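Asker: With the sequence up front, the predicted model follows.
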Amino acid sequence: MSVLPGPVKLGSQRSVLRLPILPSICTVVLLIAVAAALTAPLLAPFQEGEIVTQPFAAPSAVNWLGGDFLGRDVLSRIIYGLRVTIGVGTGITALGFTLGSSLGFLSAVIGGRFDQVVSRIVDALISFPSMMIALVVIAGLGSSIPVLVLTVGLIDATRVYRVGRALAADIVVRDFVEVARLRGEKLGWIIFHEILPNTAGPLLAEFGIRFTYAILFISALSFLGLGVQPPHSDLGLMVKENIQGLMLGDYTPIYPALTIALITISVNLLVDWYIAVVKRTRR
């Protein structure tokens with residue numbers, strides 16, 4: 001096996017180990033969000049659907065962010081909403097990457113008619129607006145979490161396929177891949193020992209971008225009423241449920257919107273920093 005120069009040389013680039021201030025802040029934000037999602041039942045002051053105050057109650061020592069349109073604790077709803085949003089986003093990204101990158105690698109290695117057929121199918125799917133496909137499928141099958149993950153994951157896989165195929169197509173023409181084929185190595189060995197190690201860096205950056213896309217997509221569906229359904233809390237659904245509070249001068253819908261923005265911006269900034277490090281270490 002021959003591996004191309006890695007994207008990040010931790011041993012020779014000590015500066016890589018020292019995160020700048022902005023990526024460090026983004027890392028802390030994401031770690032807090034993930035920790036809150038994992039420990040939601042222990043961390044949340046109240047139950048997810050428990051009514052504890054008046055509708056759109058002002059923040060207090062008991063309800064730090066006030067109450068929502070039914071009188072439920074906003075902070076508790078956000079913590080539980082993080083669990084749903086991050087969990088669903090991770091599931092979508094994992095499905096999209098597993099399916100998209102696998103098909104992309106297979107198309108690049110096998111080539112021929114298989115590559116043409118799969119590529120044309122992907123091109124046809126990409127030609128339709130993602131939101132329109134999601135609305136049609138969810139309207140027909142319902143908006144349960146498995147349907148959401150499967151639908152958006154398949155949509156996401158078409159984008160990952162093109163990235164994976166482009167990366168693999170550049171690797172399969174290298175000499176070390178030809179040598180592996182002459183040795184009689186099987187298709188799976190070539191993919192996992194030759195192609196995957198040489199595409200891990202770019203795919204990792206793409207994973208962050210796709211994760212952000214998944215969170216925003218699910219939040220948009222929830223805002224339209226086709227995402228996660230009550231009584232479960234989801235950040236996009238919380239914005240939709242409390243949007244009328246803005247007319248009353250209440251800031252309840254701002255809190256989940258800011259949470260979505262913090263997560264997506266943090267992921268994007270970390271991906272940008274990673275790409276910059278890759279370019280700097282390859283010079």
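Answerer: Thanks, I have it. Residues are numbered from 1 along each chain as shown.
Asker: Not counting sequence-adjacent ones, nearest residue to residue 253?
Answerer: Computed as Cβ to Cβ, 6 or more residues apart in numbering, the closest residue to residue 253 that is not its neighbour in sequence is residue 242, at 4.3 Å. C-beta coordinates here come from the backbone N, C-alpha and C atoms, glycine included.
Asker: quick one: low-confidence parts of this protein?
Answerer: Using pLDDT under 70 as the threshold, the predicted model of the chain has low-confidence ranges 1-19, 282-283.
Asker: hey, where'd the helices end up in it?
Answerer: Using DSSP state H, the helices of the chain run over residues 14-17, 21-38, 40-43, 74-110, 112-126, 130-141, 145-171, 175-182, 187-190, 196-223, 235-241, 254-281.
Asker: Of these, which is nearest residue 49?
Answerer: Nearest to residue 49, of all those, is helix 74-110, at 8.7 Å by Cβ to Cβ.
Asker: Would you mind pulling up the elements that the closest one packs against?
Answerer: If you count contacts as 3 or more Cβ pairs under 8 Å, 6 or more residues apart in numbering; DSSP states H and E, helix 74-110 packs onto helix 21-38, helix 40-43, helix 112-126, helix 145-171, helix 187-190, helix 196-223, helix 235-241, helix 254-281.
Asker: Report the inter-axis angle for it versus helix 175-182.
Answerer: 70 degrees (axes from the mean of the first three to the mean of the last three Cα atoms, to 10 degrees).
Asker: How about helix 74-110, which residues are buried there?
Answerer: Residues of helix 74-110 classed as buried: 74-86, 88-97, 99-101, 103-109 (neighbour count, 16 or more other Cβ atoms under 10 Å).
Asker: Centre of the chain to it, how far?
Answerer: When C-alpha coordinates are averaged (Cα atoms, centre = their mean, to the nearest Å), helix 74-110 and its chain have centres 5 Å apart.
Asker: and if you look at stretch 270-278?
Answerer: Between the centre of stretch 270-278 and the centre of its chain there are 17 Å (Cα atoms, centre = their mean).
Asker: same deal with stretch 102-112?
Answerer: Per Cα atoms, centre = their mean, the centroid offset for stretch 102-112 relative to its chain is 24 Å.
Asker: for stretch 95-113, same thing?
Answerer: Its chain's C-alpha centre and that of stretch 95-113 lie 20 Å apart, by Cα atoms, centre = their mean.
Asker: Would you mind writing the CA trace of it as PDB?
Answerer: Taking Å, rounded to 0.1, in the frame of the first residue of the first chain, the C-alpha atoms of stretch 95-113 are listed here in PDB:
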ATOM      1  CA  LEU A  95     -25.900   7.500   6.100                       C
ATOM      2  CA  GLY A  96     -25.200  10.000   3.400                       C
ATOM      3  CA  PHE A  97     -21.400   9.500   3.700                       C
ATOM      4  CA  THR A  98     -21.600   5.700   3.900                       C
ATOM      5  CA  LEU A  99     -23.800   5.300   0.900                       C
ATOM      6  CA  GLY A 100     -22.400   8.200  -1.200                       C
ATOM      7  CA  SER A 101     -18.700   7.500  -0.700                       C
ATOM      8  CA  SER A 102     -19.100   3.800  -1.200                       C
ATOM      9  CA  LEU A 103     -20.900   4.200  -4.500                       C
ATOM     10  CA  GLY A 104     -18.400   6.900  -5.500                       C
ATOM     11  CA  PHE A 105     -15.400   4.700  -4.800                       C
ATOM     12  CA  LEU A 106     -17.100   1.700  -6.600                       C
ATOM     13  CA  SER A 107     -17.900   3.900  -9.700                       C
ATOM     14  CA  ALA A 108     -14.300   5.100  -9.900                       C
ATOM     15  CA  VAL A 109     -12.700   1.700  -9.500                       C
ATOM     16  CA  ILE A 110     -15.100  -0.400 -11.600                       C
ATOM     17  CA  GLY A 111     -15.800   2.300 -14.200                       C
ATOM     18  CA  GLY A 112     -17.400   1.400 -17.500                       C
ATOM     19  CA  ARG A 113     -21.200   0.900 -17.700                       C
END
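Asker: How about the contacts made by the residue positioned nearest the centre of the chain?
Answerer: Centroid-nearest residue in the chain: residue 211, 1.4 Å away (criterion: Cα atoms, centre = their mean). In this structure, residue 211 makes contact with 89-90, 93, 267, judged by Cβ atoms under 8 Å, 6 or more residues apart in numbering.
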